[in-house]
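In: coords please:
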Amino acid sequence: MNKRIGLAVIFLILATGLIFAGIKIKSNSYHNKIKSQIASAESYFSSGKILEARDAYKNILLENIDVNTAKTIYDRIGELNIKILFSPIKTPDSVIYNVQPSDTLDAISKKYNTTIAIIKFANNIKSGIIHPGMNLKIPAAKFSIVIDKSHNILTLKAQEEVVKVYNVSTGSNNSTPIGTFKIVNKIVDPPWYSGGKAIPPSDPRNILGSRWMGLTAKSYGIHGTTDDTSIGTQVTQGCVRMHNNEVNELYDIVPIGTEVTILD
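Out: Predicted coordinates:
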């Protein structure tokens, strides 16, 4: 009897070991599949096939991946979306516009409710000069911004599609207002007004960084920073603070009138 029990225990241990070995093999196989898909997406990017690279990354999101991998993929898709936006690549939410004799970049940007900067980037225009007969790619999507105070993130959308997610800082003591607002002004290298005095952008006491986008909520806006370590925390006086390189990017994309929704 004892011999039978002993054999049964041995078989049980062996069976359990085989089961766990199978799970490990399956896990390794799945991990290798994801790595292969990421390598394929990067191969597309390296060969200049940016749309294909983005689609390949989107397909990875359909897999049952872990949170950290998903965040990495989302960040990569955001980078690719910006590259596509700032390139001549034609997309369903862009139009090709034939420049007329009386056209200016300002007039074209107003016609399509976009920015001069994004037209220049998308068409590799180094100056403000355009000529009749030129065909210009015009990003024509309607952009909007959603800010989530609880996670300190800002999401840029085109129509209802997520373009890119940025880490930001919001107000301490819940001082960032919630609601739906609009961008009413945009300033490069903004002065900061404190104690009734204007502190110029070159002054280290100026906390606004390289860009300012003022909101219909008076005295509140989205701006850069002189303290990158503060990003991701709730430390501001109520404004939304971004890394300078990222607020510069956002500034070039969104026109005055862009809707900004701030959520708790």
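In: Please, where are all the helices along this structure?
Out: For the chain, the helices defined by DSSP state H cover 2-46, 50-60, 67-85, 105-111, 116-122, 244-253.
In: Any chance of CSV for those helices, columns mean neighbour count, mean pLDDT and distance to Ser150?
Out: C-beta coordinates here come from the backbone N, C-alpha and C atoms, glycine included. Output for the helices of the chain, formatted as CSV (neighbours: other C-beta atoms under 10 Å; pLDDT from 0 to 100; distance: least, C-beta to C-beta, whole Å):
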stretch, mean neighbour count, mean pLDDT, distance to Ser150
helix 2-46, 11, 70, 30
helix 50-60, 18, 96, 26
helix 67-85, 16, 96, 17
helix 105-111, 14, 97, 35
helix 116-122, 19, 98, 30
helix 244-253, 19, 98, 20
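In: Put together a markdown table for those helices, with distance to Ile183 on each row.
Out: Converted to a markdown table, the helices of the chain look like this (distance: least, C-beta to C-beta, whole Å):
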| stretch | distance to Ile183 |
| --- | --- |
| helix 2-46 | 32 |
| helix 50-60 | 27 |
| helix 67-85 | 18 |
| helix 105-111 | 15 |
| helix 116-122 | 14 |
| helix 244-253 | 10 |
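In: Please parse the protein into its domains.
Out: 2-85, 94-139, 143-263 (automatic domain parsing).
In: Check the offset of the longest one from the chain's centre.
Out: Pointing back at domain 143-263 there. Taking C-alpha atoms, centre = their mean, to the nearest Å, one finds the center of domain 143-263 at 14 Å from the center of the full chain.
In: start at 219 instead
Out: All set: I'll call the first residue 219, so the last point we hit is now domain 361-481.
In: distance between the ends of it?
Out: Its first and final residues considered, domain 361-481 spans 17 Å by C-alpha to C-alpha, to the nearest Å.
In: Which strand residues bridge Asn353?
Out: On the basis of DSSP bridges, Asn353 is bridged to Asn316.
In: ok, it to Ser312 distance?
Out: Asn353 is 12 Å from Ser312, where distance means C-beta to C-beta, to the nearest Å.
In: can you check Ala359 too?
Out: As judged by C-beta to C-beta, Ala359 and Ser312 stand 8 Å apart.
In: and what of Gln377?
Out: Going from Gln377 to Ser312 by C-beta to C-beta gives 12 Å.
In: Give me the more crowded residue out of these two.
Out: A side-by-side neighbour count of Gln377 and Ser312, using other C-beta atoms under 10 Å, places Ser312 first with 20 against 11.
In: and that one, what are its bridge partners?
Out: For Ser312, the beta-bridge assignment (DSSP bridges) gives partners Pro357.
In: I'd assumed Asn341 was in contact with it.
Out: No - using C-beta atoms under 8 Å, Ser312 is not in contact with Asn341; the gap is 10.9 Å.
In: Could you pull out the residues contacting both of these two?
Out: Common neighbours of Ser312 and Asn341 are listed as Lys355 (criterion: C-beta atoms under 8 Å, 6 or more residues apart in numbering).
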